[in-house]
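# how would this look folded up:
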Amino acid sequence: MIKKTIVWTIGIVILLMITVWGIYILRQHESYKSLVHKDSKALLTVSLDDILLNQFFNKWQLSQKEHLNFDKRLSKLQDNGIDIKANIFLFALEEQPKNFYAFFQLKDKQQFLYFLKEVIHVDPIEKGGASGISYAYDPTNKMAFVCRGNELLIGVGFDLDKKKEEMLQLIQSKGDMVTIKQFIADPSTLTGQSVRYSDLSTNNYIELTLKGDQVDIYGDFTSKNWNFPKEFLVRELESTKYIATSWVNIPTNQLKNKLKQAFEEFPMMTDSLITHLDGNYIDIEILKNKVTQTDTIINYAVDENFETVEEKTLYNTHVPEVRVTMRGDSNLNKFLPNKLFYQWFKKQDRGFSMLSTSRDVYRLSASYKHTDELSHVAIHLADWPNEFKITPILALKAIASDIILSLKVVNRDRMVLEGTLKDYSH
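This next block holds a predicted model:
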């Protein structure tokens, strides 16, 4: 009897697995009927079923912060009147995309309009009169909606407030649309990960995979214009007691020009600095400990003889210990600042010029290693000081505790990006 029960239980489990897998495959193929523009320059794929499966086999992490409670936020998106497939294929019409669009079918138009107004608070909803087109723009979430009959076009991007006419034209230009199956020979290559960005002109792509309490990042990039060396010499950075560490090698003039543009934001002799930065390498460490810096305040007073006298007052401030290292020639130190936000103390070592907010920099014994990484970034976002107002990092800090990114050279014309965004719901 027990043996028979076990056999029946195993049979039911297998049957359920086959049924679930069959539904999964059917939903995948049904999503391949989604429409994209025939002149699309890039695709952004969101694989909803794969996200749910990943979260089923990994723990579903819920945030204690109300605005980061993903379970609650997802539940708000239910009953929106939209027929949502297993995969959402958003397309971009620009070479350097700022906006993406996706077509959907409505199951219940009235329910969708109610969802817009009452759930995500988009108001007003503009109607196009005889054309039967409704338009709404949500500046908070950077989304726009165009509806005609049971057809819905959703836009996501940074300047959608300027794209109203383009969206109205898209929903009326069905002749320019093709199914994703007609556009891509094998659409399954775009799915399987949580989110994938694909550049159609270069075949470069980035994938994000949601796994429990972290997001894995992978990208693959090639260009005939690249000619990278196989390895680079870098300084070994702090591996534990840091807030952020990063290095970048700059083997091309294009990257060097971008670095020059960044330096121009600060009061430095940028042209001279770039000229002497012939080693094409920079790193930075922001450590968890603080160092004491002493400044002098000079005030002027009038003595009893009505003569102006100078009064000096010393005061101490505690600042983060920051180290910045650049590889350059022997004259590079002359063009590095002595004071920029903080006091900077200098040291030169084997062709590397180091700046530090600690006056003990001269005691630092540097070590170096060879690596295939063009660039590396590791940030403890939870410890990132709010006074360092770098907008992308502060935005990530709101949803994650750690980020690690590594850009590796595979061949002279190919790089791969690997990384992890950890504990997004801390």
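# got the domain boundaries for the chain?
33-209, 221-422 (automatic domain parsing).
# quick one, which of the ones you listed is nearest to residue 6?
domain 33-209 (24.1 Å; Cβ to Cβ). Using the backbone N, CA and C atoms, a C-beta is placed for each residue, glycine as well.
# check which helix or strand residue 22 maps to.
Using DSSP states H and E, the element containing residue 22 is helix 2-31.
# check which element follows that helix along the chain.
Downstream of helix 2-31, the next assigned helix or strand under DSSP H and E is strand 35-37.
# pLDDT (mean, whole number) over that following strand?
Here strand 35-37 scores 92 as its mean pLDDT.
# likewise stretch 11-22?
If you average the pLDDT values across stretch 11-22, you get 72.
# quick check, distance from that stretch to the centre of its chain.
Offset of stretch 11-22 from its chain centre (Cα atoms, centre = their mean, to the nearest Å): 38 Å.
# what's the answer for stretch 137-148, then?
Put simply, stretch 137-148 sits 22 Å off its chain's centre (Cα atoms, centre = their mean).
# hmm, back to that, now tabulate the domains of the chain in TSV and tack on distance to residue 16.
Converted to TSV, those look like this (distance: least, Cβ to Cβ, whole Å):
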stretch	distance to residue 16
domain 33-209	13
domain 221-422	33
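# so for residue 17, which of those sits nearest?
Proximity of the domains of the chain to residue 17 was assessed by Cβ to Cβ; the nearest stretch is domain 33-209, lying at 12.3 Å.
# straight-line length of that closest one, end to end?
In domain 33-209, first residue to last residue: 24 Å (Cα to Cα, to the nearest Å).
# off-centre distance for it?
Relative to its chain's centre, domain 33-209 lies at 19 Å (Cα atoms, centre = their mean).
# any idea where the helices of the stretch 151-300 of the chain begin and end?
164-171, 180-183, 253-263, 270-276 (DSSP state H, counting those that start in this stretch).
# which one of the domains of the chain lies nearest to residue 27?
Ranking the domains of the chain by distance to residue 27, with Cβ to Cβ as the measure, places domain 33-209 first at 3.8 Å.
# thought residue 158 was touching residue 98?
Yes. The criterion here is Cβ atoms under 8 Å, and residue 158 meets it with residue 98 at 4.7 Å.
# assess the claim that residue 34 and residue 85 are in contact.
Yes. Counting by Cβ under 8 Å, residue 34 touches residue 85, with 6.3 Å between them.
# so those two - more neighbours on which side?
Between residue 34 and residue 85, residue 34 has the larger neighbour count (other Cβ atoms under 10 Å), namely 24 against 19.
# where's that one relative to residue 182, distance?
Applying Cβ to Cβ, to the nearest Å, the value for residue 34 to residue 182 is 11 Å.
# quick one on the thing from earlier: and residue 22, which of the domains of the chain is closest to it?
Among these, the nearest to residue 22 by Cβ to Cβ is domain 33-209 (12.9 Å).
# how close does residue 203 sit to residue 197?
Distance from residue 203 to residue 197, counting by Cβ to Cβ: 12 Å.
# is it true that residue 371 touches residue 230?
No. Residue 371 lies out of contact with residue 230 (Cβ under 8 Å); the separation is 10.4 Å.
# more neighbours: which of those two?
Shown here are residue 371 and residue 230; by other Cβ under 10 Å, residue 371 has more neighbours (17 against 10).
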